[in-house]
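Undergrad: A predicted structure for the sequence below; I have some questions about it.
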Amino acid sequence: MVHSKHVHLTRRERQIMDVLYATDEASAGEIQAQIPDSPSYSAVRALLRKLMDKGHIAFRQDGAKYVYYPVLPKTDAKKSAIERLVRTFFDGSPASAVVNLLGSEGGDLSDADIDAIEAELERIKGKR
């Protein structure tokens, strides 16, 4: 089950979650360093407390510092992000999203990428 509450994050909260999903875990200072045009350290700490209160993140203590990590598994967050992207930018059409992602010339897809995509499409067709 994808947690729909992840849709209601502020821009800064989402940036923090993006850092945590990209790194698996990070301290407040490490998070601050990776946010574009980052807020102050104390603002990052306040946002981390807010995300903990909302149930999005947890922490563990590593010596004197706190290391934060996402509660929702990365696979669930990935699914939620893709669903949000498809709904927001492609009118809910996964086919339109895939076509746009591939581009008219296939972008930078290698032969191995194309083979993997074809194999996945064949697998999906076989399930019908």
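TA: Yes, it's here. Numbering: from 1, shown residues only.
Undergrad: Just list the residues touching the nearest residue to F89 once chain neighbours are set aside, thanks.
TA: Leaving aside its sequence neighbours, F89 sits nearest to A97 (CB to CB, 6 or more residues apart in numbering; 7.4 Å). The way it works is simple: take the backbone N, C-alpha and C, and place the C-beta from them, glycine included. Counting by CB atoms under 8 Å, 6 or more residues apart in numbering, A97 makes contact with I82, L85, V86, F89, F90.
Undergrad: burial count for the third one?
TA: Applying other CB atoms under 10 Å, we find 17 residues neighbouring V86.
Undergrad: Run through the helices of the protein in chain order.
TA: Using DSSP state H, the helices of the chain run over residues 11-23, 28-34, 41-53, 74-89, 94-102, 111-126.
Undergrad: can I get those in a markdown table with mean pLDDT and distance to Y68?
TA: Output for the helices of the chain, formatted as a markdown table (pLDDT from 0 to 100; distance: least, CB to CB, whole Å):
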| stretch | mean pLDDT | distance to Y68 |
| --- | --- | --- |
| helix 11-23 | 95 | 6 |
| helix 28-34 | 97 | 7 |
| helix 41-53 | 97 | 6 |
| helix 74-89 | 89 | 14 |
| helix 94-102 | 87 | 31 |
| helix 111-126 | 90 | 34 |
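Undergrad: Let me have those in TSV, extended by distance to K65.
TA: Formatted as TSV, the helices of the chain follow (distance: least, CB to CB, whole Å):
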stretch	distance to K65
helix 11-23	14
helix 28-34	8
helix 41-53	11
helix 74-89	23
helix 94-102	38
helix 111-126	40
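Undergrad: per the record, what domains does this protein have?
TA: Structural domains assigned to the chain are 4-70, 93-128, following automatic domain parsing.
Undergrad: Just say which of those domains is most tucked in.
TA: Sort the domains of the chain by mean neighbour count, taking mean count of other CB atoms under 10 Å, and domain 4-70 sits at the top with a mean of 15.
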